[in-house]
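Participant: heads up, no residue letters with this:
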């Protein structure tokens, strides 16, 4: 037992007063004379004995009354189990990612969590609330009631370590109580290592009852036909989905195609054929799982001619003129001496065809060209200055040449998973007509090879960034050194190396991945591009690149959909945004995230636990009651004890 005001206990010395009064109380008796004292003597003895008992009872009663009164003013209490943590600051981390859209026993997990917070959080409790997309610092439940009720699902994935970092950034002299409310879908256990040892962490992990879910993962062009695109839609089924589901394709909100889809396996690909023209729409399914991944928005631009320049001797570039035909490409070849540098920034791809050396001015221009989204293809010369070339290549990434090799080698391996060949072959092949080279140069790179020799060394490798690629060959491919020009591989290889996926492929950006996007636009210094649709408008981060603009979107837009890129009132290009598909598997629950912390079923239990463990048990009221009880007892003794 402890006391809030222990100094009051000094008044216990006052207990001496009633003792002294009792011990030294003197009464003068007046003598009375009677004729017969025998009876009076007996009465006197009885009265003295009764009076002594009464006085002792009054003494003990008054001592206890005074003792309990003093103890009551000292306010005794039994301290709570964790009373030293009563000054902790509270932080609530609430997962509002789209996996919280799943339904539990009482409805959608996020909405149920919000309702529990509104109902169970003490009104006097001060706390900070952090979600995937918003933060509310030093507030109370009444102040943010409307904000919680209006809380939307966020396209930003739930990253516990990032949110803990926000909490830890709040410097304070007090320790923290951290309540994490999440379904634990796709969380890495290492993310919990960001908690500090002195933090008190509570996990509330609501669980979905329905774990079956089908998601649309991606859309890409499977075949590029003369007048049509064959697009492939990839879907994933999580859980048990035995019934056929409808899938529909829309262009500008008009139904283009519709069919039923059965899942024999967890992965499914379905193809649609669309005209080779502008497409600005989406593909949609209907299932009983999560809603956010049932629609995939994408855009395809009407094909325009690709600009390609080859720099090198004309007689060595003839094979490219047969690949880059005039119906799809604007192809020209320039010897290095006649090159017009002003043409380079307008190209989509540049081929350095067996140049003995690259002038410094050209190196600077090519570096800028790649940074602006252009593809660069490097075919080495037999008289290559390896040291100078490696200095140039180091500007693009970890790729470099080694020593020359005079042995003939065959190209025997194709990386079918590389983007260059991902849509070229219907199935993997092992026995094709192997091209060979008489001499080659050792080539090393951190990236997987696109084509490899029989000794596993690279014949063609690439270094990519989000908007462009640099392709590097290990050997000259002129007819004197190689028969690669006669190989069936040469057409898809050079055709796809020249293509810019942002111009010729499916345009579908994932929200939150901050993927850069380059659009052709000539802007003045005061002009900016705006991205908007009927529901939302925002200005991306943008960088002027002469005749192009490089845009990054951070966490915009808030909602997935089809948008337009506008310069003022003029629409330049279509663009589409989608939510990340990382949370579609509702069975991927990592409850181990809470293994080292307290885990409860609901928020009410957390607040009750904190209240119980940290609240002192006040017992001064019992001492007041005892004081009154002994006061009443004294009155009864005075009245009834003779």
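Facilitator: Now that the structure is in, tell me what you want to look at. Here the structure is a predicted model, which is why all the values come from computation and not from measurement.
Participant: for the residue nearest in space to the middle of the chain, what are its contacts?
Facilitator: In the chain, the C-alpha nearest the mean C-alpha coordinate belongs to residue 157, at 2.9 Å (C-alpha atoms, centre = their mean). For residue 157, the contacting residues are 97, 132, 186, 512, 580, 582-583, by C-beta atoms under 8 Å, 6 or more residues apart in numbering. Yep, even glycine has a C-beta here, placed from its N, CA and C like the rest.
Participant: check the offset of stretch 573-588 from the chain's centre.
Facilitator: Taking C-alpha atoms, centre = their mean, to the nearest Å, one finds the center of stretch 573-588 at 12 Å from the center of the full chain.
Participant: avg pLDDT for it?
Facilitator: In this model, stretch 573-588 carries a mean pLDDT of 89.
Participant: same check on stretch 391-398?
Facilitator: For stretch 391-398, the per-residue pLDDT averages 91.
Participant: over to stretch 195-214?
Facilitator: Computed over stretch 195-214, the average pLDDT equals 89.
Participant: and it, what's buried?
Facilitator: Within stretch 195-214, the residues that qualify as buried are 195, 199-206, 208, 211-214, counting by 16 or more other C-beta atoms under 10 Å.
Participant: would TSV of those with distance to residue 595 and secondary structure be doable?
Facilitator: Below are the buried residues of stretch 195-214 laid out as TSV (distance: C-beta to C-beta, whole Å; DSSP: H, G, I helix; E, B strand; the rest coil):
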residue	distance to residue 595	secondary structure
195	12	coil
199	16	coil
200	16	strand
201	11	strand
202	13	strand
203	9	strand
204	15	strand
205	12	coil
206	18	coil
208	21	coil
211	22	coil
212	27	coil
213	26	strand
214	31	strand
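Participant: dump those to JSON lines, plus distance to residue 290.
Facilitator: Listed next are these as JSON lines, based on distance: C-beta to C-beta, whole Å:
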{"residue": "195", "distance to residue 290": "29"}
{"residue": "199", "distance to residue 290": "32"}
{"residue": "200", "distance to residue 290": "33"}
{"residue": "201", "distance to residue 290": "28"}
{"residue": "202", "distance to residue 290": "26"}
{"residue": "203", "distance to residue 290": "22"}
{"residue": "204", "distance to residue 290": "20"}
{"residue": "205", "distance to residue 290": "18"}
{"residue": "206", "distance to residue 290": "15"}
{"residue": "208", "distance to residue 290": "9"}
{"residue": "211", "distance to residue 290": "10"}
{"residue": "212", "distance to residue 290": "10"}
{"residue": "213", "distance to residue 290": "5"}
{"residue": "214", "distance to residue 290": "9"}
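Participant: just give me the closest of those to residue 103.
Facilitator: Nearest to residue 103 among the buried residues of stretch 195-214: residue 208, at 6.3 Å, using C-beta to C-beta.
Participant: is it true that the closest one touches residue 102?
Facilitator: Yes - with contact defined as C-beta atoms under 8 Å, residue 208 counts as touching residue 102 (3.5 Å).
Participant: so what sits against both of the two?
Facilitator: Residues touching both residue 208 and residue 102 by C-beta under 8 Å, 6+ apart: 109, 183, 586.
Participant: OK, contacts around the second one?
Facilitator: Remark: with contacts taken as C-beta under 8 Å, 6+ apart, residue 183 is in contact with 95, 99-100, 102, 109, 205-208, 586, 589.
Participant: now do the helices in the protein.
Facilitator: Counting by DSSP state H, the chain has helices at residues 16-23, 38-74, 109-120, 145-149, 160-168, 318-323, 360-371, 386-393, 490-498, 501-504, 603-614, 620-640.
Participant: which of those helices sits closest to residue 573?
Facilitator: Ranking the helices of the chain by their distance to residue 573 (criterion: C-beta to C-beta) puts helix 501-504 first, at 9.6 Å.
Participant: next, the contact list for residue 105, please.
Facilitator: The contact partners of residue 105, taken as C-beta under 8 Å, 6+ apart, are residue 209.
Participant: could you measure from it over to residue 16?
Facilitator: Look at residue 105 and residue 16: by C-beta to C-beta, to the nearest Å, they are 67 Å apart.
Participant: again with residue 369
Facilitator: For residue 369 relative to residue 16 (C-beta to C-beta), the value is 100 Å.
Participant: what do you get for residue 514?
Facilitator: According to C-beta to C-beta, residue 514 and residue 16 sit 80 Å apart.
Participant: between the two, who's got more neighbours?
Facilitator: Using other C-beta atoms under 10 Å as the criterion, residue 514 and residue 16 rank with residue 514 on top: 14 against 9.
Participant: just to check, the more buried one is in contact with residue 556?
Facilitator: No - judged on C-beta under 8 Å, residue 514 makes no contact with residue 556 at a distance of 9.9 Å.
Participant: with adjacent residues omitted, what lies nearest to residue 369?
Facilitator: Ranked by C-beta to C-beta, 6 or more residues apart in numbering and with sequence neighbours excluded, the top spatial neighbour of residue 369 is residue 344, at 5.8 Å.
Participant: now do the contacts for the one you found.
Facilitator: Under the criterion of C-beta under 8 Å, 6+ apart, the neighbours of residue 344 are 309, 350, 365-366, 369.
Participant: ok, residues contacting stretch 124-136?
Facilitator: Contacts for stretch 124-136 (C-beta under 8 Å, 6+ apart): 89-97, 121, 137-141, 143-144, 147-148, 151-152, 154, 156-159, 163, 166-167, 170, 555, 607.
Participant: would you mind measuring the gap between the ends of that stretch?
Facilitator: 16 Å (C-alpha to C-alpha, to the nearest Å).
Participant: what is the mean pLDDT for that stretch?
Facilitator: For stretch 124-136, the mean per-residue pLDDT is 93.
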